[in-house]
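> model the structure of this input:
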Amino acid sequence: MTTTIKNIWTRWKVTIQITNELMAGIPKNKELIKTWLESRKPSDAAFTKRDAAGEVLPTVDELTEQVASDVGANDTKDKDTAQAEEDFSWLGFRKDDERGLWVRGSDMKAHIKDCANILKDLLELKALRSKVADRVYVVEEAIWFGKMDPDGHIEPPVHVMTRMGKRSALKRNDYILRPEISFTLRVLDDDVIDEELLRAIFDYGGTHGFGAERGLGYGRYTLELLEKQEPLATGGVVEQVGEIVERAPAARLGATHQN
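As a prediction, this is how the structure comes out:
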């Protein structure tokens, strides 16, 4: 006896148009990358949950090497002081030698969750962030910008506390000018997340901004396309494993888990 399986997903093609500069936010210095990753690692409860589920989680040192390779980071130990300080304050994008600049699909997922969290009270939807986290997934592991190099950089002043006291310095942020970003969402078809809600999330997200330096107004966008796609089911059997996705460069899977 053959059981017909209901297609449990809807698929949405999404395109957003950045209206100004999209700022990079990944340190191009190994020491700072490690500190940055330490601040973003899962809580003890989240780690225990993912470990119990059988997920193999890379160590911070392993992730540091992966991210350093992605952004072309250098180790400052063998460099002169001036160059080391410049690298220490330089933020860049992930880059593949063949396809150029890219961002993780999980970064877009994080953006969607953040927007949902802000909207939960306004829309009177309890635990909206958790509902989105469990029902909305970005199909692509890597979202490509179609550019080999950034369009430029800004150098805003920053104030930092060092071993020699408070100092003023310049922080360099690479940017891409007005990129169009396209990706695919897989949304659980249980009538919790619908088109109206997705549009509200991206409407807010367009002002909230995507990427680094959002507080300065960078990374704002307009929603250009939100289109429901045909399901991948054939003959009553849901075919999800065979879906073609944009893969991240090799050995990046441990850093792209979405939750």
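> quick check, residue 249 in contact with residue 95.
No: using C-beta atoms under 8 Å, residue 249 is not in contact with residue 95; the gap is 9.2 Å. For glycine as for every other residue, the C-beta is placed from the backbone atoms N, C-alpha and C.
> spit out the contact partners of residue 218.
Residue 218 sits next to 20-23, 175, 209, 211-212 when contact means C-beta atoms under 8 Å, 6 or more residues apart in numbering.
> that should have said residue 223, apologies.
14-16, 199, 202-203, 206.
> now swap in residue 200 and tell me
Contacts of residue 200 (C-beta under 8 Å, 6+ apart): 119, 123.
> assign it to helix, strand or coil.
Of the three states, residue 200 takes helix under DSSP: H, G, I helix; E, B strand; the rest coil.
> same question for residue 185.
Once three-state DSSP is applied, residue 185 turns out strand.
> so what's the residue count around it?
Residue 185 is flanked by 25 other residues according to other C-beta atoms under 10 Å.
> heads up, I number from 11, so please use that
Taking 11 as the first residue, the last one we looked at is residue 195.
> wait, it touches residue 26, no?
No: counting by C-beta under 8 Å, residue 195 stays clear of residue 26, with 11.8 Å between them.
> with neighbour numbers in mind, choose between residue 259 and residue 105.
residue 105 (20 against 17).
> which residues of this protein fall in helices?
40-50, 54-62, 70-81, 91-98, 115-132, 138-145, 205-218 (DSSP state H).
> lowest-confidence stretch among the ones you listed?
With a mean of 46, helix 91-98 has the lowest mean pLDDT of the helices of the chain.
> and the chain, split by domain according to the record?
11-33+110-269, 36-102 (automatic domain parsing).
> can you give me the first-to-last residue distance of the last one?
Translated: domain 36-102. 5 Å (C-alpha to C-alpha, to the nearest Å).
> and the residue nearest to residue 164 when sequence neighbours are not counted, what does it touch?
Using C-beta to C-beta, 6 or more residues apart in numbering and skipping residues adjacent in sequence, the residue nearest residue 164 is residue 183, 5.3 Å away. For residue 183, the contact set (C-beta under 8 Å, 6+ apart) comprises 33-35, 101, 163-166, 222-223.
> same list, those residues, but as CSV with distance to residue 141 and neighbour count please.
Conversion of the contacts of residue 183 to CSV gives the following (distance: C-beta to C-beta, whole Å; neighbours: other C-beta atoms under 10 Å):
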residue, distance to residue 141, neighbour count
33, 29, 24
34, 31, 25
35, 27, 18
101, 32, 22
163, 38, 16
164, 37, 15
165, 41, 12
166, 36, 10
222, 27, 19
223, 29, 20
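> so which of those residues sits lowest on pLDDT?
Comparing these by pLDDT, residue 166 comes last, at 73.
> please tell me I have it right and that one contacts residue 185.
No: Residue 166 is beyond contact range of residue 185, at 11.6 Å (criterion: C-beta under 8 Å).
> circling back to that earlier point, farthest pair in the contacts of residue 183?
Comparing every pair within these by C-beta to C-beta identifies 35 and 165 as the most remote, at 14.9 Å.
> that older thread, just put the contacts of residue 183 in a markdown table and tack on distance to residue 19.
Below are the contacts of residue 183 laid out as a markdown table (distance: C-beta to C-beta, whole Å):
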| residue | distance to residue 19 |
| --- | --- |
| 33 | 32 |
| 34 | 32 |
| 35 | 31 |
| 101 | 35 |
| 163 | 40 |
| 164 | 40 |
| 165 | 44 |
| 166 | 42 |
| 222 | 31 |
| 223 | 34 |
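> narrow these to those in strands?
33, 101, 163-164 (DSSP state E).
> just name the closest of those to residue 18, please.
residue 33 (36.7 Å).
> show the contacting residues for that closest one.
101, 164, 183-185, 221-223, 228-229.
> can I get those in TSV including distance to residue 144?
Output for those, formatted as TSV (distance: C-beta to C-beta, whole Å):
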residue	distance to residue 144
101	31
164	37
183	33
184	34
185	33
221	25
222	27
223	30
228	30
229	26
